[in-house]
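In: Sequence plus predicted model, see below.
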Amino acid sequence: MNAPPPRRMRADARRNRERLLAEARTAFAEHGADFSLEEIARRAGVANGTLYGHFPNRRALLEALMGDRMRALAATGAESLAAPPFEGLAAWARAAMAHAAAYRGLGATMMEAVEDETSELHAACKAVLAAGDELVARAVTSGEVRPDVTAEDVYALVTASAWAGEQSTPAQAERLLAFGLDGFRPS
């Protein structure tokens, strides 16, 4: 038996959803991913029930916000393969750091999505990780990165650099990332 096609969202429901996403994007960027969902609903001019009707929990809201960004980051990884190995890896790491720094506390949600196959972000997260794996392997094979460097090392550096940017400035995050990437090069 075939499932019926999904019902089309009414225009007012679509507008409410878009307002909620816009307010969440702004609030999470300014205050972090733990910002009050009720305050997001208030700012969007909708009832809490409307918010929870579209997004049953914080994770669902973050997944709706981040899906396109994750797919774009995976595509950036594929595009980075056209650059020389170290430069491609560095470009992807900078893009990944900017992504991780979008919202305070985002890293934990992304790591949960990697592990949870039911998450809407699971496939996008896996694609991002696969892009990083391929870029690291290519840079190691070319001799531009030390053979003991792993993709997990790059992910840890990206996450740590994004966190440093949250604690100080984006310039400090970029500086830390540059130091770490230089440390991946053979001596």
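Out: Sure, I can see it. What you see is a predicted model, and the numbers here were worked out from it, not measured in a lab. Numbering: from 1, shown residues only.

In: alpha carbons only for contacts and neighbour counts from here, please
Out: OK.

In: right, and the helix or strand after the lowest-mean-pLDDT helix or strand in the chain?
Out: Lowest on mean pLDDT, DSSP states H and E among the helices and strands of the chain sits helix 106-115, with a mean of 66. On the C-terminal side of helix 106-115, the closest following helix or strand by DSSP states H and E is helix 122-142.

In: got a list of contacts for that next one?
Out: Applying C-alpha atoms under 8 Å, 6 or more residues apart in numbering, the contact partners of helix 122-142 are 67, 70-71, 73-74, 77-78, 80-81, 85-86, 88-89, 92, 110, 113-117, 145-147, 149-151, 154.

In: can you do 6 Å?
Out: The contact list for helix 122-142, computed with C-alpha atoms under 6 Å, 6 or more residues apart in numbering, reads 70-71, 74, 77, 85-86, 89, 113-114, 145-147, 151.

In: Mind checking which of the residues you listed land in helices?
Out: Assigned to helices by DSSP state H, the following of the contacts of helix 122-142 qualify: 70-71, 74, 77, 85-86, 89, 113-114, 151.

In: looking at it, residue 29 is touching residue 101, isn't it?
Out: No - using C-alpha atoms under 6 Å, residue 29 and residue 101 do not qualify as a contacting pair, with a distance of 8.7 Å.

In: Have a look at those two and say which one is more surrounded.
Out: Under the criterion of other C-alpha atoms under 10 Å, the comparison of residue 29 against residue 101 puts residue 101 first, with 24 against 15.

In: List the buried residues of stretch 17-36.
Out: 17, 19-25, 27-28, 32-33, 35 (16 or more other C-alpha atoms under 10 Å).
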